[in-house]
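**Student:** Sequence and predicted model, in that order:
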Amino acid sequence: MKKYIILCLTALLSMGLLYSCTEEEPQVEASEELEQETVKKEFTGELPELSVYNLPSDWTNQNGELIKLEDLKGDIVVAVMIYTTCKAACPRLIADIRRIHEKVSDKANKQVKYVFVSIDPEVDTPERMKAFAIENEMDNDQWVFLRGSIEDTREFAAVLAVSYKRISPIDFSHSNIISVFDQEGVLVHQKEGLGVDDSSTIEAIEKLAM
C-alpha cells in the first residue's frame, strides 16, 4: 500500500501541475471577510488518494512533540528537505524559502506552514532543530522542523523526488526542491534549483489561499 501511494504521488509530480494567479475579489466588509478567509480549512472526509497524509509515518518537531503529517491537514504546506549542519546548499535553500515567505501576501501566509524535514535525523535532534530555528529567526508556529526515522525520511523523500546521499560522516549531497501541498496534502507545485525564479511558487500559494 505504501509503495502504491508513493508511485501515485510521484506520478502526480511528473505531471508538473501548476497553479496560475487570479485577481483578488474586491473587499467587502474587510474585517469580517479577512477572518473568514484566513481560518484554517477543515476537512472531515476521506483523504484524496494522492494525499501525502496517507503516509503512516511518525515525526518529532523542534518542540519535541510527536506528530503525524496529517496533523498539518487544513494548512497550505511549503516543504523542503535540509539538514542543519549543512554549510553549502541548505543556507541558500533556506534563503529561498525566506524570500518566498516575504513575497507571499499576509492573508495567504496566515494559511501556510513552512516545513523543513531533516535528512539527517541522527544529528538533528529536537534540541538541535530548536536551536537552528532560533538562530534563523524561525521560532514560531509557522515554521515547522521535523525529524523521523531513516525509513520514514527516505519514504517522504521518494514522494518529493528528493535524492540525497551521505558523502562524508557529516555531509550529504541532495536535491534542492521546494514543494507546495494543498490543504488536503496533494502535491500541486515544485521548484527545483537555488536562487531561481520563484514567481510560480508564490502564485501556487496565493491560489490555494483564495
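**Tutor:** Looks like it arrived, so ask away.
**Student:** Now for residue 58: which residues touch it?
**Tutor:** Going by C-beta atoms under 8 Å, 6 or more residues apart in numbering, residue 58 touches 66-68, 148-149, 152. Just so you know, the C-beta spots here come from the backbone N, C-alpha and C atoms, and that holds for glycine as well.
**Student:** same thing but at 7 Å, please
**Tutor:** Residues in contact with residue 58 (C-beta atoms under 7 Å, 6 or more residues apart in numbering) are 66, 68, 148, 152.
**Student:** Keep only those of the residues you listed that are in strands.
**Tutor:** Among those, the members found in strands (DSSP state E) are 66, 68, 148.
**Student:** pLDDT weak spots in this protein?
**Tutor:** Within the chain, the stretches with pLDDT under 70 are 1-45.
**Student:** make it 50
**Tutor:** For the chain, the stretches flagged by pLDDT under 50 are 2-5, 7-8, 10-38.
**Student:** what about the residue positioned nearest the centre of it, helix or strand, and which?
**Tutor:** Nearest to the mean C-alpha position of the chain, counting by C-alpha atoms, centre = their mean, stands residue 79 at 1.8 Å. Per DSSP states H and E, residue 79 falls inside strand 76-82.
**Student:** Please list the outside residues in contact with that strand.
**Tutor:** Against strand 76-82 from outside (C-beta under 7 Å, 6+ apart): 90, 93-94, 97, 100, 111-119, 157, 160, 162, 164, 174, 178-183, 205, 208-209.
**Student:** List the pairing partners of that strand within its sheet, with orientation.
**Tutor:** If you go by DSSP bridges, strand 76-82 pairs up with strand 112-118 (parallel), strand 177-181 (antiparallel).
**Student:** Give me the helices and strands touching whichever helix or strand comes after it, please.
**Tutor:** Later in the chain than strand 76-82, the nearest helix or strand by DSSP H and E is helix 89-103. In terms of contacts (3 or more C-beta pairs under 7 Å, 6 or more residues apart in numbering; DSSP states H and E), helix 89-103 is packed against strand 76-82, helix 199-209.
**Student:** Pull out the buried positions in the shortest one.
**Tutor:** Applying a neighbour-count criterion of 16 or more other C-beta atoms under 10 Å, the buried positions in strand 76-82 are 76-82.
**Student:** Same question for the longest one.
**Tutor:** For helix 199-209, a neighbour-count test (16+ other C-beta under 10 Å) marks 200-209 as buried.
**Student:** That one to helix 89-103, inter-axis angle?
**Tutor:** Calculated by axes from the mean of the first three to the mean of the last three C-alpha atoms, to 10 degrees, helix 199-209 forms an angle of 50 degrees with helix 89-103.
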